[in-house]
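Trainee: Need a 3D model of the following:
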Amino acid sequence: MKYKHLAAALIFLVLTLILTNPLALHVWNVVEDKQDGLLNTWIVAWVGHALTTDPLHLFNANIFYPYPNTLAFSEILIPQSVLALPFTLATNNPIFGYNLALLAMLWLDAFAMYLFVYDVTRRAEAGWIAGALYAFNPFNLGNFAQMQLLTLGFLPLALLMLRK
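Mentor: Residues are numbered from 1 along each chain as shown. Okay, the predicted model is just below:
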């Protein structure tokens, strides 16, 4: 990896930790808000549980009994859940896994946009600015508990792959 890309990755890691303060200090036991944050933590925990115990019945979540396929009533969050799964399994703490996945998605937003803009312009500075604006804008930080809204890093990666 080029040093400028490594520097950008580290810059975005520091920005993620600073701009989401105090979450980085409490990833073990705090969610951003008590509604969407707890719902998304449950979804991430359920998907991880279902993938490791009975993946064919992923959508038969333990909510809204007796209705079947109740996970389909909300966001599914499979990529985020897969990212959180090793941390949740290692610690038996779904809040920790959820928070790490949340921070990782914000970091991915910034770094992916940096890579895309760098590929277009060949200017690291342009990528830094674009990545910071793309990830840490008021909309994203204002909707921080909605992990599904922060998972935008795959869009610039898709555009980058289309360019290649």
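
Trainee: before we move on, what SS does the residue of the chain positioned farthest from its centre have?
Mentor: Distance from the C-alpha centroid of the chain, by CA atoms, centre = their mean, peaks at residue 66 (31.0 Å). Following DSSP: H, G, I helix; E, B strand; the rest coil, residue 66 is assigned to coil.

Trainee: For the residue most central in space within the chain, pull up the helix or strand it's in.
Mentor: By CA atoms, centre = their mean, the mean C-alpha position of the chain lies nearest to residue 105, the distance being 2.7 Å. Secondary structure assigned from DSSP states H and E places residue 105 in helix 94-121.

Trainee: again, but for residue 40
Mentor: Assigned by DSSP H and E, residue 40 falls within helix 36-53.

Trainee: looking only at pLDDT, what's the mean for that helix?
Mentor: Helix 36-53 shows a mean pLDDT of 94.

Trainee: Give me the buried positions along that helix.
Mentor: Buried residues in helix 36-53, counted by 16 or more other CB atoms under 10 Å: 36-37, 39-50. C-beta coordinates here come from the backbone N, C-alpha and C atoms, glycine included.

Trainee: Quick check on the residue nearest to residue 39 when sequence neighbours are not counted: phi, psi?
Mentor: Leaving aside its chain neighbours, residue 39 sits nearest to residue 74 (6.9 Å; criterion: CB to CB, 6 or more residues apart in numbering). Backbone torsions of residue 74, given as degrees, to the nearest 10, read phi -140, psi -170.

Trainee: Tell me, how many residues neighbour residue 74?
Mentor: 16 (other CB atoms under 10 Å).

Trainee: Make 57 the starting number, not 1.
Mentor: Happy to do that; since the first residue is 57 now, the last one works out to residue 130.
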